[in-house]
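J.: Below: sequence and its predicted model.
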Amino acid sequence: MTQLLTLSPQNPDLELIRQASAVIQRRGLVAFPTETVYGLGANALDEEAVAKIFHAKGRPSNDPLIVHVVSVDDMKRIAADVPPVVEKLAAHFCPGPLTLVLPKLPHVPASVTSGLETVAVRVPNHPVALALIRASGVPIAAPSANRFGHTSPTTAQHVMDDLNGRIDMILDGGATSVGVESTVLDVTREPAMILRPGGVSREAIEKVIGAVELRNNHPNSDDEAQVSPGLLGKHYTPNAELILCKGEKESALEKLLQLAKQAQVEGRSVGLLLAADDLPIFASLSCNAYPLGSSTDLESIARNLYAGMRALDDEQVNLILTRDFGAQGLGLAIHDRLLRAASQII
């Protein structure tokens, strides 16, 4: 049975943190909140501990992990080189939802990096996460705390739903504030490249360091080492079939309305994962709606995205309908997650 400890997200009880750090130090697994999603943590420098992450999640060994540290200086414990661009980025985004890919030091286990010579590292912006890393005294490797490929967890209950009995402890620090994973930026190349869009937008990064490249959205072969987490073609998926409609808002909503009507004729239970202002067009239908927030508030849409998928799964819908929210700002990360979660794209 997994132990659940509840603590204040802003002022975590240090005795509870000490209990959690003792689990990390004895090669156990602790799920903890970050500003993005809940992470499943283990000592990043201990191969046996890291192996437990892959086993608990059912995660393939070719999907690398992100290592969490408390400062840019601590990156030097695992990175062979921390170039000057890191300091520029850190001044704006550390702590925060930005992961940097750096050359790794030899003592970082190959299982953390999927055998690559680079390591992904970030400083989380959450008091519970930072307290846990400090108390543990080691860098903490932590992918999302869910079954591999399933919708990412943004609450402790989501973690419990997926991993109860498979991990030692969950620290419940409430719902996460960003709601999608960190941006992964490879700074070993020039110009730097966004490998995975996330909680820091491309536009924000380019204001600090100039133009960056964006990795194409085509997934690597599932058999080869991934250059970043979150790049496999099928990822973040709810239990229900999810249809993503791309294109301009009005035409997308009209297509979704027709799909909802047809699905109800076929006797299917329909869930709507849409902006609040998208929903009136569906008022005549008996759908399960999860409003993500205003269509002009991409932060709210990102924050509620995974929670909405899980809530609609809890309603036992068998079809979720959603639309694209553009590629500007956080829209790019939302687009990426929906693209990989979708069973069908129209």
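T.: Ah, there it is. Computed from a predicted model, the values in this text were never measured in an experiment.

J.: Tell me how many other residues crowd the residue nearest to Leu105 when sequence neighbours are not counted.
T.: Excluding the flanking residues, the one nearest Leu105 by Cβ to Cβ, 6 or more residues apart in numbering is Ala80, at 5.1 Å. Using the backbone N, CA and C atoms, a C-beta is placed for each residue, glycine as well. Ala80 has 14 neighbours, counted by other Cβ atoms under 10 Å.

J.: isn't Ala80 right up against Thr113?
T.: No: look at Ala80 against Thr113 with Cβ atoms under 8 Å: they stay out of range, at 12.0 Å.

J.: residue contacts, the nearest residue to Leu330 once chain neighbours are set aside?
T.: Nearest non-adjacent residue to Leu330, counting by Cβ to Cβ, 6+ apart: Leu298, 4.1 Å away. Residues near Leu298 by Cβ atoms under 8 Å, 6 or more residues apart in numbering: 325, 329-331, 334.

J.: can you list the weak-confidence ranges in the stretch 101-250 of the chain?
T.: 217-225, 230, 232-234 (pLDDT under 70).

J.: could you pull out the strands for it?
T.: In the stretch 101-250 of the chain, the strands defined using DSSP state E, counting those that start in this stretch lie at 118-122, 140-141, 169-172, 183-186, 193-196, 213-214, 241-245.

J.: Out of those, which is the most enclosed?
T.: The highest average neighbour count among those, using mean count of other Cβ atoms under 10 Å, belongs to strand 140-141 at a mean of 28.

J.: OK, contacts around the closest residue in space to Asp172 that isn't next to it in sequence?
T.: Distance criterion Cβ to Cβ, 6+ apart; nearest residue to Asp172, sequence neighbours excluded, is Ala156 at 3.6 Å. Residues near Ala156 by Cβ under 8 Å, 6+ apart: 4, 6, 31, 33, 38, 170-174.

J.: how close does Ala156 get to Ile167?
T.: Taking Cβ to Cβ, to the nearest Å as the measure, Ala156 falls 12 Å from Ile167.

J.: what's the overlap in contacts for these two?
T.: With Cβ under 8 Å, 6+ apart as the test, Ala156 and Ile167 both reach Ala31.

J.: count of neighbours near Pro84?
T.: 8.

J.: Please produce JSON lines containing the strands of the stretch 101-250 of the chain, extended by distance to Lys88.
T.: Shown next, in JSON lines, are those (distance: least, Cβ to Cβ, whole Å):
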{"stretch": "strand 118-122", "distance to Lys88": "16"}
{"stretch": "strand 140-141", "distance to Lys88": "25"}
{"stretch": "strand 169-172", "distance to Lys88": "32"}
{"stretch": "strand 183-186", "distance to Lys88": "12"}
{"stretch": "strand 193-196", "distance to Lys88": "16"}
{"stretch": "strand 213-214", "distance to Lys88": "17"}
{"stretch": "strand 241-245", "distance to Lys88": "36"}
